[in-house]
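Peer 1: Provided below for reference: sequence and predicted model.
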Protein chains: 2
Amino acid sequence: MEKPDRRCAIVRATLDLVAEQGFHGAPMALVAERAGVAAGTIYRYFESKDVLINEAFHYLEERFFAAVMEHYPEGAPVRERFLHIGGVLVRYCIGAPLEFRFLEQFHNSPYGVEHRREKLFNKNNRNVITELFNEALGLRVVKDLPLPVLFGLAFGPLLDICRDHILHFIELDDDLISRCVEACWDAIRR
Amino acid sequence: MEKPDRRCAIVRATLDLVAEQGFHGAPMALVAERAGVAAGTIYRYFESKDVLINEAFHYLEERFFAAVMEHYPEGAPVRERFLHIGGVLVRYCIGAPLEFRFLEQFHNSPYGVEHRREKLFNKNNRNVITELFNEALGLRVVKDLPLPVLFGLAFGPLLDICRDHILHFIELDDDLISRCVEACWDAIRR
DNA sequence: TGATAAAAAATGAACGTTCATTCCTGGAGG
DNA sequence: CCTCCAGGAATGAACGTTCATTTTTTATCA
């Protein structure tokens, strides 16, 4: 009606639909319906579907980093900070399965490849995880491996277990999560 | 031509196209053209596109297990056998980037989820990797974690680095591959 | 063997859907 | 009356699949 935030409603509708049914299950007509607007209206706010999807991703990315930073043990040793991030990551993902599914879809698509390429070649990419790993490399507490490899060792398995939990292939509890995050630490620690 | 294997030509065309351009880049019309047959002909050999894609996957899966079994150190300790499998896995994937890209696409799609579900619930699933992990669990040389978690810790990062290598985000050589596989072993070993 | 009929396989235009995007309409606010 | 902009039908491209028809192979019999 008035106009609280049609833009936001459209982004949320996109998130939900993609998460629930994948990119194939989120045609613009459905997005429009769920957002309570007409199909054509979306194009007044977003140039194309690609733009809309990228915006939805950045919205989630921000929320995720905000979650990680809550209670982040700023001055603690590297290991402890890593365990914090890993734990938050897993708990956040299985607590918001829809968001997780969207991120998964995004990463395993041309959108995701483009996103990673930008991150990698844009050297002044500063976020808490990259900084932690660079510090750890300098202190020689982790193995001397390229950053993308460390990322894969540390977070690849964590995302895998989140997916398996959401699909009910396994059941994660606090104890199992801790043991998994520690296993990832074993993979990267020197 | 005579008729050596239209069926095979269709499968290969599917593999190549999906690997190069993803599922979206492999419409039946293109598959037909690349295979040197007419569109309708495909349906004499495969009931539907789904069936065709699953067959292409199984074709690759067999080839992969065959590669793993070459020079497999049958009687060696668990660790050594794991290092063999990991090394072969990475070398095989980066040596056949098209096949790897197909497998990646397959796993990150509803096809892949279905496939994993079947594997998991079909308990009499016997392959060399599952057997190795079960033996390792019995001998208590690896952490006491559910099988899917061990799989994720052990192979998730290896597939990640293969992808990054193929996308030229990193450059793998024999030394780096070894160190990565060993890092994965560190993740699962007790 | 050669001619011919029957069966099988291959063809590719056409179909029905689905989708992202465009465009014309109507109506609210100034 | 004019200006905007939301609405949603219209558009056209792309897709998987079908099917009437043609081509090739196989079987039959003189």
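Peer 2: Here it is on my side, so go on.
Peer 1: Quick check: A:V141 vs A:D5, distance?
Peer 2: A:V141 sits at a distance of 45 Å from A:D5 (criterion: CB to CB, to the nearest Å). Using the backbone N, CA and C atoms, a C-beta is placed for each residue, glycine as well.
Peer 1: Show me which of these two is the more surrounded one.
Peer 2: Of the pair A:V141 and A:D5, A:V141 is the one with more neighbours under other CB atoms under 10 Å in any protein chain shown, namely 15 against 10.
Peer 1: anything in the helix or strand harbouring A:N134 near chain B?
Peer 2: For A:N134, the host element (DSSP states H and E) is helix A:128-139. No. Judged by CB under 8 Å from any CB of the partner chain, helix A:128-139 stays clear of chain B, getting no closer than 13.9 Å.
Peer 1: now the residue of chain A found nearest DNA strand D: how far from chain B?
Peer 2: Closest contact between chain A and DNA strand D, by CB to the nearest atom of the strand, is at A:G40 (1.5 Å). Taken as CB to the nearest CB, to the nearest Å, the spacing of A:G40 relative to chain B amounts to 25 Å.
Peer 1: Find me the pLDDT at that residue, would you?
Peer 2: Each residue has a pLDDT score; the one for A:G40 is 86.
Peer 1: Would you check how far apart it and B:L137 are?
Peer 2: Look at A:G40 and B:L137: by CB to CB, they are 58 Å apart.
Peer 1: before we move on, what about A:E70?
Peer 2: Note on A:E70: its distance to B:L137, by CB to CB, is 36 Å.
Peer 1: near chain B at all, the helix or strand of chain A with the lowest mean pLDDT?
Peer 2: Within chain A, confidence by mean pLDDT, DSSP states H and E is lowest for helix A:110-121 among all helices and strands, at a mean of 86. Yes. Contact of helix A:110-121 with chain B (CB under 8 Å from any CB) involves A:P110, A:V113, A:R116, A:R117, A:L120.
Peer 1: How about the first one: what's its closest non-neighbour residue?
Peer 2: Right, A:P110. Spatial nearest neighbour of A:P110, chain neighbours left out: B:G22 (7.4 Å); criterion: CB to CB, 6 or more residues apart in numbering or on different chains.
Peer 1: The one you found: neighbouring residues, count only.
Peer 2: Using other CB under 10 Å as the criterion, B:G22 is surrounded by 16 other residues.
Peer 1: Please apply the same query to A:R189.
Peer 2: For A:R189, which is what you asked about, the neighbour count (other CB under 10 Å) is 16.
Peer 1: Near DNA strand D, which residues of chain A are found?
Peer 2: Within chain A, the positions lying close to DNA strand D (CB under 7 Å from any atom of the strand) are A:K3, A:R6, A:G36, A:V37, A:A38, A:A39, A:G40, A:T41, A:R44.
Peer 1: Who are the contact partners of the fifth one?
Peer 2: If I follow you right, that is A:A38. A:A32 (CB atoms under 8 Å, 6 or more residues apart in numbering or on different chains).
Peer 1: How about the fourth one?
Peer 2: For A:V37, the contacting residues are A:R6, A:A9, A:I10, taking CB under 8 Å, 6+ apart as the criterion.
Peer 1: what about the residue nearest to the first one when sequence neighbours are not counted, which SS state?
Peer 2: In this case it means A:R6. For A:R6, the nearest residue in space outside its immediate sequence neighbours is A:V37; the separation is 5.8 Å by CB to CB, 6+ apart. A:V37 carries the three-state label coil when classified by DSSP: H, G, I helix; E, B strand; the rest coil.
Peer 1: before we move on, could you check phi and psi at A:V37?
Peer 2: Here the main-chain torsion angles of A:V37 (degrees, to the nearest 10) amount to phi -130, psi 180.
Peer 1: Identify the structural domains in chain A and state their residue ranges.
Peer 2: Chain A breaks down by automatic domain parsing into domains covering A:1-46, A:59-188.
Peer 1: Next, format the ones you listed as TSV and append distance to B:F151.
Peer 2: Shown next, in TSV, are the domains of chain A (distance: least, CB to CB, whole Å):
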stretch	distance to B:F151
domain A:1-46	23
domain A:59-188	8
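Peer 1: and the nearest residue to A:Y45 once chain neighbours are set aside, how many neighbours?
Peer 2: When the adjacent residues along the chain are set aside, A:Y45 lies closest to A:R7, with 4.9 Å between them (CB to CB, 6+ apart). The tally of other residues near A:R7 (other CB under 10 Å) stands at 17.
Peer 1: surely A:R7 meets A:I42?
Peer 2: No. Shown here, A:R7 and A:I42 do not form a contact pair, counting by CB atoms under 8 Å, at 9.6 Å.
Peer 1: Buried residues of the helix holding A:N134, list them for me.
Peer 2: A:I129, A:L132, A:F133, A:A136, A:L137 (16 or more other CB atoms under 10 Å in any protein chain shown).
Peer 1: what's the closest of these to A:V78?
Peer 2: Taking CB to CB as the measure, A:V78 lies nearest A:A136 of the buried residues of helix A:128-139, at 4.6 Å.
Peer 1: neighbours around A:P146, how many?
Peer 2: Neighbour count for A:P146, taken as other CB under 10 Å: 17.
Peer 1: do A:F65 as well
Peer 2: Other residues near A:F65 number 12, with proximity taken as other CB under 10 Å.
Peer 1: Please report how far it lies from DNA strand C.
Peer 2: With distances defined as CB to the nearest atom of the strand, to the nearest Å, the gap from A:F65 to DNA strand C amounts to 28 Å.
Peer 1: Quick check: that residue touching A:N127?
Peer 2: Yes. Using CB under 8 Å, A:F65 makes contact with A:N127 at a distance of 6.6 Å.
Peer 1: Now list whatever residues contact both of these two.
Peer 2: Here A:F65 and A:N127 share no contacting residue, scored by CB under 8 Å, 6+ apart.
Peer 1: Spell out which parts of chain A neighbour DNA strand C.
Peer 2: Of all the residues in chain A, those lying near DNA strand C are A:H24, A:A26, A:P27, A:M28, A:A29, A:A39, A:G40, A:I42, A:Y43, A:S48, A:K49, A:D50, going by CB under 7 Å from any atom of the strand.
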